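In: Generate a structure from the sequence data that follows.
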Amino acid sequence: MNRPPLPPFTLETAAQKARLAEDAWNSCDPARVALAYTPDSRWRNRSEFLQGREAIVAFLTRKWQRELDYRLIKEVWGCRENRIAVRFAYEWHDDSGNWFRSYGNENWEFDEHGLMRVRHASINDAPITAEERKYFWPLGRRPDDHPSLSDCGF
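Out: Modelled structure (predicted):
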């Protein structure tokens, strides 16, 4: 099964791929997100190492049980052939109402079908107040007219 856009990527197709990933992650649906990865996909997320879609679904299920009202923006940093580098920021709160903005970078490698086979993510969490939040769209897909990551000053 192909998941366009397919490599080799241009800046335009890399941006499309990043937006599709952003949309999927903003759904907070682990099974939907996992379909973008090869069945044996390898991840490094912070200090966790995962392999395979089942591990991805389990990881994302735990993540979104802990990171509530999750909203994410991704932006392409660069691309080459079958690889894309993105930076991102997302906002969320814990079950005590403490807000955070998590910043990070991801390096992605895709197979010929457009499925991600490798994902390396480095992420830092910064506590913020509710007044410092920048992402207020309804849960789900970021509206097309919402400012980009760069437009938000991140």
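
In: What residues of the helix or strand where Glu12 lies count as buried?
Out: Using DSSP states H and E, Glu12 maps to helix 11-26. Buried residues in helix 11-26, counted by 16 or more other C-beta atoms under 10 Å: 13-15, 17-26. In short, each C-beta sits where N, CA and C put it, glycine included.

In: Show the secondary-structure elements that that helix is packed against.
Out: helix 30-34, strand 68-80, strand 83-93 (3 or more C-beta pairs under 8 Å, 6 or more residues apart in numbering; DSSP states H and E).

In: Now do that helix against strand 68-80, angle only.
Out: Regarding helix 11-26 and strand 68-80, their directions subtend 160 degrees when assessed with axes from the mean of the first three to the mean of the last three C-alpha atoms, to 10 degrees.

In: what comes into contact with helix 11-26?
Out: Residues outside helix 11-26 that contact it (C-beta atoms under 8 Å, 6 or more residues apart in numbering) are 5-6, 9, 32-33, 36, 70-76, 79, 84, 86, 88, 110, 114, 139-142.

In: circling back to that earlier point, give me whichever of the helices and strands packed on helix 11-26 is most buried.
Out: Using mean count of other C-beta atoms under 10 Å, the stretch among those with the largest mean neighbour count is strand 83-93, at a mean of 20.

In: Going C-terminal from it, what's the next secondary structure element?
Out: Following strand 83-93 in sequence order, the next helix or strand is strand 99-110 (DSSP H and E).

In: Next, report how far the helix or strand that that following strand is followed by is displaced from the centre of its chain.
Out: Proceeding N to C from strand 99-110, the next assigned helix or strand is strand 116-128, under DSSP H and E. Distance of strand 116-128 from the chain centroid (C-alpha atoms, centre = their mean, to the nearest Å) equals 8 Å.

In: what do you get for stretch 36-43?
Out: For stretch 36-43 - counting by C-alpha atoms, centre = their mean - the centre lies 14 Å from the chain centre.
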